[in-house]
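Asker: A structural model of the following input is requested.
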Amino acid sequence: MNDHWYEDETGSMVRPYTVTRGRTRPAAEHHIDLMSQVIAVEWDKPEPRLDHARSALLDLVRRAPRPVAEVAADADMPLTVVRVLLVDLVEAGLVRVSEPPARRGTHDPSLLREIADRLREI
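Answerer: Numbering: from 1, shown residues only. Below is the predicted model:
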């Protein structure tokens, strides 16, 4: 995928704007940082019907909790699209997004390099 097209559940190529139903950013009450952790929520009832893009993100997160930047890279989707779709999953009660742990004035150079590498992949 590139920045302009995404394959939907029918195999048709659509713009990311279509996948997010016209939204370009998540609702203001949801702050999703690059390093926020995304965790799947266990469900004991039938799962709501999801489109291909949201279902793909949920499948990735079910494998293991991971940061938003990694979800976007693994899904091969633009970060802005992933943020909007993750908020949809949060509002459906299927995932939780937790703030990244605060770094007390220290920066891990290897982590920063990994983030930069992942962002280049997106």
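
Asker: Show the low-confidence segments of this protein, by residue range.
Answerer: Within the chain, the stretches with pLDDT under 70 are 1-30, 101-107.

Asker: Which stretches in it count as strands?
Answerer: Under the criterion DSSP state E, the chain contains strands at 6-7, 13-14, 37-40, 66-67, 95-98.

Asker: In its sheet, which strands sit next to the last one, and in what direction?
Answerer: So that's strand 95-98. strand 37-40 (antiparallel) (DSSP bridges).

Asker: Pull out the buried positions in the strand it pairs with.
Answerer: For strand 37-40, the neighbour count (16 or more other Cβ atoms under 10 Å) marks 37, 38, 40 as buried. Using the backbone N, CA and C atoms, a C-beta is placed for each residue, glycine as well.

Asker: I'd assumed residue 97 was in contact with the first one.
Answerer: Read that as residue 37. Yes: using Cβ atoms under 8 Å, residue 37 is in contact with residue 97, at 7.1 Å.

Asker: could you show me where the helices are in the chain, in order?
Answerer: Per DSSP state H, the chain carries helices over the ranges 16-19, 52-63, 68-75, 79-91, 109-121.

Asker: so can I have TSV of those showing distance to residue 32 and mean neighbour count?
Answerer: Output for those, formatted as TSV (distance: least, Cβ to Cβ, whole Å; neighbours: other Cβ atoms under 10 Å):
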stretch	distance to residue 32	mean neighbour count
helix 16-19	16	18
helix 52-63	12	18
helix 68-75	6	21
helix 79-91	5	22
helix 109-121	15	11
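
Asker: mind putting the ones you listed in JSON lines, distance to residue 45 included?
Answerer: Listed next are the helices of the chain as JSON lines, based on distance: least, Cβ to Cβ, whole Å:
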{"stretch": "helix 16-19", "distance to residue 45": "26"}
{"stretch": "helix 52-63", "distance to residue 45": "15"}
{"stretch": "helix 68-75", "distance to residue 45": "24"}
{"stretch": "helix 79-91", "distance to residue 45": "16"}
{"stretch": "helix 109-121", "distance to residue 45": "34"}
